[in-house]
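predicted model follows, preceded by the sequence.
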Amino acid sequence: MSSHATAQPMTASKSGPLKGTASVPGDKSISHRALIFGAMAVGETKITGLLEGQDVLDTAKAMRAFGATVIQHAPGAWSVHGVGVGGFQEPADVIDCGNSGTGVRLIMGTMATTPMTVTFTGDASLRKRPMGRVTDPLSLFGAQAYGRKGGRLPMTVVGAANPVPVRYALPVASAQVKSAVLLAGLNAPGQTVVIEREPTRDHSERMLLGFGAQLTVEKTSEGNVITLTGQPELRPQTVAVPRDPSSAAFPVCAALIVEGSDIFVPGVSQNLTRNGLYLTLVEMGAQIEFQNPRTEGGEPVADLRVRFSDTMKGVEVPPERAPSMIDEYPILSVVAACSTGKTIMRGVKELRVKESDRIDAMARGLEACGVTIEEDEDTLIVHGMGAGGVPGGATCATHIDHRIAMSFLVLGMAAKHPVSVDDASPIVTSFPIFEGLMTGLGASLRQGGQ
């Protein structure tokens with residue numbers, strides 16, 4: 001999906017109590033990685049619970065282009081017959097990653113240490129996002145990249161014919177960059193070392209170990225030092241993808257702010273590198289119970305019981321929590337608007353280079369709905385208006401960003417007046433069942449603007 005040719009406005013109105021079970025899709029980060037690691041293993045990897053959003057489908061298509069056999073057997077049930085580390089063939093056409101920053105950056109890493117030339121593109125949103133943060137470390141292996149001004153797509157990457165291992169300290173907290181370097185290191189001789197000062201989501205490390213790679217993580221004064229031994233033979237696996245905590249955030253937060261709500265959200269990942277939003281919500285006074293904690297597919301999960309919480313108070317979110325909730329700040333800002341007092345989010349400059357400038361998008365949309373906002377390059381402050389206190393009544397720009405679209409639609413479910421978004425079509429990239437799931441719980445959503 002390289003463009004959204006026709007905008008699809010959507011409107012959310014003040015809803016009655018949300019009730020029932022919200023079975024959210026599989027985790028997007030793990031779904032991407034399951035397909036990619038399966039393609040680099042020798043033999044058949046079986047995947048259950050795969051997210052079938054457009055982002056992940058684009059990654060599946062890319063793995064086929066590199067020579068892997070990728071088959072859907074039933075909803076969420078897939079298999080990948082891999083070609084082994086270093087076994088990718090050069091694609092015959094451009095690799096279109098649609099809206100997915102995760103997909104394009106991980107795939108660049110995967111091919112960067114194999115002698116081939118690959119051109120990448122994406123939709124209008126992805127073509128605005130910086131790729132230099134990935135291509136710079138990949139160049140240390142011997143890869144070369146040629147893109148538009150500012151290191152943007154479309155971009156051609158020439159893989160290294162004689163790759164060398166690297167030692168790389170991440171300049172920004174980014175699981176995408178970390179994973180791209182580790183994936184490149186798989187086909188380089190010797191040991192590739194990545195140093196991260198702040199922990200980021202660790203799905204790649206967990207999955208590498210599961211597929212049989214030699215990898216260690218050592219906590220030092222520098223941060224986490226991750227050492228990967230190159231040129232292993234990865235073993236195929238059976239991967240059970242847990243439910244996505246980033247997608248679960250939308251029904252969870254909707255239930256917290258819609259009066260009388262009481263919902264159940266089963267099997268949500270509780271990975272410590274992904275749970276920052278849930279820690280923050282509990283600090284604000286949210287009524288969330290974490291039930292039946294267990295391990296599925298190598299990831300910690302739990303069932304969530306969520307009730308309307310009309311006494312939530314603003315908090316200060318520490319900057320060191322940002323890597324564990326970077327995708328959840330938009331929906332947190334909606335909850336903050338429906339709480340009392342100020343919620344201060346620091347250390348969030350990474351939001352300015354996501355699918356959109358998410359700080360600006362949320363600030364402008366919340367202001368249009370009557371909420372007072374303060375912001376600078378690295379901070380967003382929301383002045384809460386209490387339960388049911390947000391006026392709403394605006395049409396908010398999504399900037400081709402799925403999380404912005406869903407966040408404002410959740411706001412409309414609790415605001416005094418309906419809230420519309422100018423384009424809900426990007427939601428399909430990560431949460432294709434969003435509309436049906438939310439209306440099934442009782443949310444008032446309809447196609448079209450105000």
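In hand now; what should we look at?

do a quick rundown of the strands in the stretch 101-250 of the chain.
For the stretch 101-250 of the chain, strands defined by DSSP state E, counting those that start in this stretch occupy the ranges 117-121, 144-148, 152-158, 167-169, 191-196, 215-220, 223-229, 238-240.

list the buried residues of the last one.
Yep, that's strand 238-240 we're talking about. Within strand 238-240, the residues that count as buried by 16 or more other C-beta atoms under 10 Å are 239-240. To be clear about C-beta, it is placed using only N, CA and C from the backbone, and glycine gets the same treatment.

sheet-wise, list the partners of it with their directions.
strand 42-48 (parallel) (DSSP bridges).

who's in contact with the partner strand?
Residues outside strand 42-48 that contact it (C-beta atoms under 8 Å, 6 or more residues apart in numbering): 31, 34-35, 37-38, 76-84, 233-241.

the next helix or strand after that strand relative to strand 117-121, how many degrees between them?
Proceeding C-terminally, strand 42-48 gives way to helix 54-65 as the next helix or strand, assigned by DSSP states H and E. If you take axes from the mean of the first three to the mean of the last three C-alpha atoms, to 10 degrees, helix 54-65 sits at 160 degrees to strand 117-121.

what's helix 54-65 packed up against?
Secondary-structure packing of helix 54-65 (3 or more C-beta pairs under 8 Å, 6 or more residues apart in numbering; DSSP states H and E): helix 28-40, strand 69-74, strand 95-96, helix 101-111.

okay, and for this protein, where does confidence drop off?
Low-confidence segments of the chain (pLDDT under 70): 1-5, 297, 353.

which residues touch the residue in the chain sticking out farthest from the centre?
Relative to the mean C-alpha coordinate of the chain, counting by C-alpha atoms, centre = their mean, the farthest residue is N162 (32.7 Å). N162 sits next to G142 when contact means C-beta under 8 Å, 6+ apart.

check P432 too.
So P432 contacts 25, 52-54 (C-beta under 8 Å, 6+ apart).

now with 10 Å?
Contacts for P432 (C-beta atoms under 10 Å, 6 or more residues apart in numbering) come out as 25, 51-54, 56-57.

care to break the chain down by domain?
Following automatic domain parsing, the chain resolves into domains at 10-26+242-447, 28-228.

got the strands of the stretch 101-250 of the chain as a markdown table, with distance to L279 columns?
Formatted as a markdown table, the strands of the stretch 101-250 of the chain follow (distance: least, C-beta to C-beta, whole Å):
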| stretch | distance to L279 |
| --- | --- |
| strand 117-121 | 35 |
| strand 144-148 | 37 |
| strand 152-158 | 34 |
| strand 167-169 | 27 |
| strand 191-196 | 20 |
| strand 215-220 | 20 |
| strand 223-229 | 20 |
| strand 238-240 | 25 |
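
need the winner for burial among those.
Of all these, strand 191-196 has the most neighbours on average by mean count of other C-beta atoms under 10 Å, namely a mean of 22.

name the helices or strands packed onto that strand?
Using 3 or more C-beta pairs under 10 Å, 6 or more residues apart in numbering; DSSP states H and E, the elements in contact with strand 191-196 are helix 132-141, strand 167-169, helix 175-186, strand 215-220, strand 223-229.

tally of neighbours for M10?
Applying other C-beta atoms under 10 Å, we find 25 residues neighbouring M10.

that one is in contact with A405, isn't it?
Yes: between M10 and A405 there is a contact at 7.5 Å, judged by C-beta atoms under 10 Å.

ok so, going back, quick one: closest of the strands of the stretch 101-250 of the chain to V258.
strand 238-240 (31.3 Å; C-beta to C-beta).

what's next to the closest one, contact-wise?
Taking C-beta under 10 Å, 6+ apart as the rule, strand 238-240 contacts 26, 30-31, 33-35, 37-38, 44-50, 78-80, 207, 210-211, 267, 296-299, 301.

and if we set it to 7 Å?
34, 45-49, 296-297 (C-beta atoms under 7 Å, 6 or more residues apart in numbering).

give me the distance between it and the centre of its chain.
Once both centres are worked out by C-alpha atoms, centre = their mean, to the nearest Å, strand 238-240 turns out to sit 19 Å from its chain's centre.

repeat for stretch 122-141
With C-alpha atoms, centre = their mean, you get 17 Å for stretch 122-141.

go on, stretch 394-412?
16 Å.

same check, this time on stretch 309-316
25 Å.

one more: stretch 172-183?
In terms of C-alpha atoms, centre = their mean, the centre of stretch 172-183 is found 14 Å from the chain centre.

sheet partners, orientation included, of the helix or strand where I344 lies?
Element membership for I344 (DSSP H and E) is strand 342-346. Sheet pairing here is set by DSSP bridges, and for strand 342-346 it gives strand 316-317 (parallel), strand 379-383 (antiparallel).

list the residues that contact Y168.
So Y168 contacts 137, 140, 181, 194 (C-beta under 7 Å, 6+ apart).

those: which two are farthest apart?
Farthest pair in the contacts of Y168, by C-beta to C-beta: L140 and V194, 11.4 Å.

quick one, which of the contacts of P432 are buried?
Buried, going by 16+ other C-beta under 10 Å: 25, 51-54, 56-57, out of the contacts of P432.

can you redo those residues as TSV with distance to R321?
As requested, those are exported to TSV (distance: C-beta to C-beta, whole Å):
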residue	distance to R321
P25	25
L51	25
E52	30
G53	26
Q54	29
V56	27
L57	31
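
from the residues you listed, which single one is nearest G440?
Nearest to G440 among the buried ones among the contacts of P432, with distances taken as C-beta to C-beta, is P25, at 14.0 Å.

state the distance from the closest residue in space to that closest one that isn't next to it in sequence to A361.
Spatial nearest neighbour of P25, chain neighbours left out: L51 (4.7 Å); criterion: C-beta to C-beta, 6 or more residues apart in numbering. Going from L51 to A361 by C-beta to C-beta, to the nearest Å gives 23 Å.

please enumerate the strands of the stretch 301-450 of the chain.
Under DSSP E, counting those that start in this stretch, the stretch 301-450 of the chain gives strands at 316-317, 342-346, 372-376, 379-383, 395-396, 419-421, 444-447.

between those, which gets nearest to K149?
For K149, the closest of those is strand 372-376, at 26.4 Å, according to C-beta to C-beta.

can you pull the buried residues of the closest one?
Applying 16+ other C-beta under 10 Å to strand 372-376 flags 373, 375 as buried.

each with direction, which strands does it pair with?
Applying DSSP bridges, strand 372-376 is found paired with strand 379-383 (antiparallel).

tell me which residues are up against the partner strand.
Identification of contacts with strand 379-383 by C-beta under 7 Å, 6+ apart yields 333, 336-337, 342-346, 348, 359, 362-363, 366, 371-375.
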